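Novice: build the 3D model from these lines:
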Amino acid sequence: MCILLARDDTHAANRTRTPRPAGVCQHYRSVRLGSSRLLPEDGPNLQRRFRAGARSRTSYSGGWLAGESVVLVVGFLLTTVLGGLLGALFQRRTWDHQHDAQLFEKEIERAADVCYSLSTMLDRRLYRMVRLRAVLTSCTDAAFTREDVDARMRAYDDVLLEWNDALNGNLAVIGTYFGEKARAFLDDEIYPSFAASGACLEQAYRELARGGAHAQIGDCGLERLNDLVYRIVSYMTSHLRDGSVGRNAVAPIPKRGDP
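Specialist: The predicted structure follows:
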């Protein structure tokens, strides 16, 4: 009986786990920590290094984000400012072009009015002078009476008054819209020729009024006057056709027959 109990005690003692040596556990823990074989007391150092690396990575990513933000802000400012400036510049150029186009159209319209009014005045006076000369040279041929002569003289006087009322105005507007050369041609060539022809007709009328049979006056320069009127009217209409009016009208008055 005692022998069995002793055997059982021996067997129980053999089943009791033998504690591992401290070196084995330390080796096991060092292997679990990694190939660097860190010791337990190196744990705080590892944590500090990990935190420092995390901070460096955070600072690097923060610096990168800050650089990208600066690039985006600068790009936005450049796009907004330069885009606004370029848009304003193009808009201003468009407005200037539209304004110039509208101003040019108004110049063309005004120049056309000047051409029409002046050419009408020139033709009216020239036609009245031709009619007056015809009645003055044919009064005694029973084709015209003295009343016809007086009526045509009054018609010529009416046109002459209207002509003299617009002498300086015609010079100003034709110089403004058709150039200085056109103004000089009207002032130096046409006006003196009209004055000379008118003086010739008026002298013939006075001779007829004093009892003369008929006036010996020739054509009183009306043929040359007709050529001058044609030249200046042709000049104005050709420049209206080409749009060269206002400050661009500098071409000389062409002679009849010139291309």
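Novice: what count of nearby residues applies to residue 75?
Specialist: 10 (other C-beta atoms under 10 Å). For the C-beta atoms, the positions are set from N, CA and C on the backbone; glycine is no exception.
Novice: please begin residue numbering at 757 from this point
Specialist: Yep, numbering from 757; the last one is residue 831 now.
Novice: how close does it sit to residue 825?
Specialist: 11 Å (C-beta to C-beta, to the nearest Å).
Novice: repeat for residue 921
Specialist: 78 Å.
Novice: and if you look at residue 933?
Specialist: As defined by C-beta to C-beta, residue 933 lies at a distance of 62 Å from residue 825.
Novice: next one: residue 905
Specialist: 100 Å.
Novice: for the stretch 907-1015 of the chain, what spans make up the strands?
Specialist: Along the stretch 907-1015 of the chain, counting by DSSP state E, counting those that start in this stretch, no stretch forms strands.
Novice: ok, back up a step: so residue 905 and residue 825 - more neighbours on which side?
Specialist: residue 905 (20 against 10).
Novice: which residues touch the more buried one?
Specialist: Taking C-beta atoms under 8 Å, 6 or more residues apart in numbering, we find residue 905 in contact with 891, 892, 895, 961, 964.
Novice: what's the answer for residue 871, then?
Specialist: Going by C-beta under 8 Å, 6+ apart, residue 871 touches 934, 989, 992, 993, 996.
Novice: what about it, which SS state?
Specialist: Under DSSP: H, G, I helix; E, B strand; the rest coil, the three-state class of residue 871 is helix.
Novice: for residue 916, see how far away it is.
Specialist: Separation of residue 871 from residue 916 (C-beta to C-beta): 22 Å.
Novice: how about the helices in the stretch 857-1006 of the chain?
Specialist: 902-921, 923-934, 936-941, 947-965, 978-998 (DSSP state H, counting those that start in this stretch).
Novice: so which of those comes closest to residue 864?
Specialist: helix 978-998 (6.9 Å; C-beta to C-beta).
Novice: contacts for the closest one next, please.
Specialist: So helix 978-998 is contacted by 864, 867-868, 870-871, 874-875, 878-879, 882, 885-886, 889, 930, 934, 938, 941-942, 945-946, 949-950, 953, 1001, 1005, 1007, 1009-1012 (C-beta under 8 Å, 6+ apart).
Novice: list the buried residues in that helix.
Specialist: Buried residues in helix 978-998, defined by neighbour count with 16 or more other C-beta atoms under 10 Å: 978, 981, 982, 984, 985, 987, 988, 989, 991, 992, 995, 996.
Novice: next, the angle from it to helix 947-965.
Specialist: Relative orientation of helix 978-998 versus helix 947-965 (axes from the mean of the first three to the mean of the last three C-alpha atoms, to 10 degrees): 150 degrees.
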